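1. Just need the structure, nothing else, for what follows:
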Amino acid sequence: NNRPYKIEADPGLLYRAFLNIFINAIQSINDGGNITIKIVEEKENYRIEIQDTGAGISRENSKKIFNPFFTTKEKGSGLGLAIVKKIIEGHKGEVWIESEEGTGTSVFVNLPRKN
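-> The predicted structure follows:
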């Protein structure tokens with residue numbers, strides 16, 4: 001499908017949000033694994049899924065992943081996904097993750113369609 005997906009958004013902010021998601025996915029897969037991007041057109045939203053085949057996130061950590069300053073990384077600030085959540089919600093969207101340790105993680109972003 002070569003048709004554009006139209007949303008009303010601040011391109012700089014969305015760039016920052018998706019950059020943070022991709023950085024986490026890349027760090028998770030290290031030197032191996034895959035990152036897959038899917039876009040599903042729904043009635044009122046576009047659902048974007050960024051899936052990696054990395055280490056995955058524990059159920060306990062999944063509950064805290066969007067909290068400011070929460071990190072499992074040695075050199076992480078814990079702000080990346082908190083910023084993602086703020087930006088996406090500021091665009092009247094929503095973001096969540098589904099993850100399984102040892103299998104990988106999917107980050108889902110719903111953004112409202114522009115009519």
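
2. ok now the longest helix along the chain, how far from the chain's centre?
-> Longest helix of the chain, by residue count under DSSP state H: helix 11-29. Its chain's C-alpha centre and that of helix 11-29 lie 7 Å apart, by CA atoms, centre = their mean, to the nearest Å.

3. Quick check: buried residues in the worst-scoring helix or strand of the chain on mean pLDDT?
-> Least confident helix or strand, the chain: helix 59-62 with a mean of 90, by mean pLDDT, DSSP states H and E. If you call a residue buried by 16 or more other CB atoms under 10 Å, then helix 59-62 has these buried ones: S62. Where C-beta positions appear, they are placed from N, C-alpha and C, glycine not excepted.

4. what helices or strands is it leaning on?
-> Judged by 3 or more CB pairs under 8 Å, 6 or more residues apart in numbering; DSSP states H and E, helix 59-62 has no packing partners among the helices and strands.

5. Tell me which other helices or strands whichever helix or strand comes after that helix touches.
-> As assigned by DSSP states H and E, the chain's next helix or strand after helix 59-62 is helix 80-90. Contacts defined by 3+ CB pairs under 8 Å, 6+ apart place helix 80-90 against helix 11-29, strand 94-100.
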